[in-house]
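> mind looking at a prediction? Sequence and model below.
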Amino acid sequence: MSDMLELSAETRDRVGKGASRALRREGRVPAVIYGNKEEPLGIHVNERELMKLLMTGHFMNSVVMVAGQRTLPKDVTFDVVTDRPIHVDFLRISEHASVQVAVPIIFTDEEESPGIKRGGVLNVVRHELELICEASNIPDDITISLKGVEVGDSIHISAVTLPKGATSAITDRDFTIATVVAPSALKSSEGEAGEGDSEAAAEGE
């Protein structure tokens, strides 16, 4: 589970492009806290502090205390030229609120996959899972084992054990997360595997 993060902030007295540009020149990033049936609150945060949290790799699926309020980062806008953050949206949440988050997937046990041992290639359809879970219990990642996976096999969401209290945000289909596909040389002798892969890939989309 991701630890709760903290980010110091100050309220914004002025809004608009001019005020935002002035803040950025001072090393501040304009932001807004909204939601939970309360009025939006304009704030600005320290760019260096924000970048430090962004570098943790789990900023977007962590609860962040900002200006004394419990929030979940929903969007970070970056400058297309400098790649510096220029605006952040924070969703205000209660302690036991259910939230939807994108949690990264980690694949393990590749050495125990017969398909990969034979030259098969892991084709990842989804690098993240959209989960609904309690804000106080957001997982850092979801681990999926490739043990026993053969060429042509697909891994679907139904085969994944999710953390207690977490459910998939997509409930209308058993979507594909990854497949082990045959390399071109192997496909020529095992064409049926290639057909299955195509169907799985199409289903995953």
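That came through fine.
> below-threshold pLDDT in this structure: ranges please.
1-3, 14-16, 184-205 (pLDDT under 70).
> show me the domain layout of it.
When the chain is parsed into structural domains using automatic domain parsing, the resulting residue ranges are 5-94, 99-204.
> contact partners for Phe90?
Contacts for Phe90 were tallied using CB atoms under 8 Å, 6 or more residues apart in numbering; they are 31-34, 64, 66, 69, 71-74. For every residue, glycine as well, the C-beta is placed using N, CA and C.
> that one pairs with what?
The residues paired with Phe90 through beta bridges, assigned by DSSP bridges, are Ile33, Pro73.
> residue ranges for the strands of the protein, please.
In chain order, the chain shows strands spanning 5-7, 9-11, 28-35, 38-46, 64-66, 69-78, 85-92, 98-108, 121-124, 128-134, 142-145, 154-156, 167-168, 176-181, with DSSP state E as the criterion.
> so for Ser145, what's the nearest residue that isn't a sequence neighbour?
Spatial nearest neighbour of Ser145, excluding adjacent residues (CB to CB, 6 or more residues apart in numbering): Asp109 at 4.5 Å.
> how many neighbours does that neighbour have?
By the measure other CB atoms under 10 Å, the count of residues near Asp109 is 14.
> I'd guessed it sits against Ile144; true?
No - with contacts defined as CB atoms under 8 Å, Asp109 does not count as touching Ile144, sitting 9.0 Å away.
> got the contacts of Phe90 as a markdown table, with distance to Val99 and neighbour count columns?
Output for these, formatted as a markdown table (distance: CB to CB, whole Å; neighbours: other CB atoms under 10 Å):
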| residue | distance to Val99 | neighbour count |
| --- | --- | --- |
| Ala31 | 18 | 25 |
| Val32 | 18 | 18 |
| Ile33 | 15 | 23 |
| Tyr34 | 14 | 15 |
| Val64 | 12 | 23 |
| Val66 | 15 | 21 |
| Gln69 | 15 | 16 |
| Thr71 | 10 | 26 |
| Leu72 | 5 | 21 |
| Pro73 | 11 | 23 |
| Lys74 | 10 | 16 |
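> can you add distance to Ser136 and give these back as TSV?
What follows is the contacts of Phe90, written out as TSV (distance: CB to CB, whole Å):
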residue	distance to Ser136
Ala31	22
Val32	23
Ile33	18
Tyr34	20
Val64	13
Val66	16
Gln69	15
Thr71	13
Leu72	11
Pro73	16
Lys74	18
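> give the buried residues for stretch 117-135.
Across stretch 117-135, burial judged by 16 or more other CB atoms under 10 Å covers 120, 122, 125-126, 129, 131, 133, 135.
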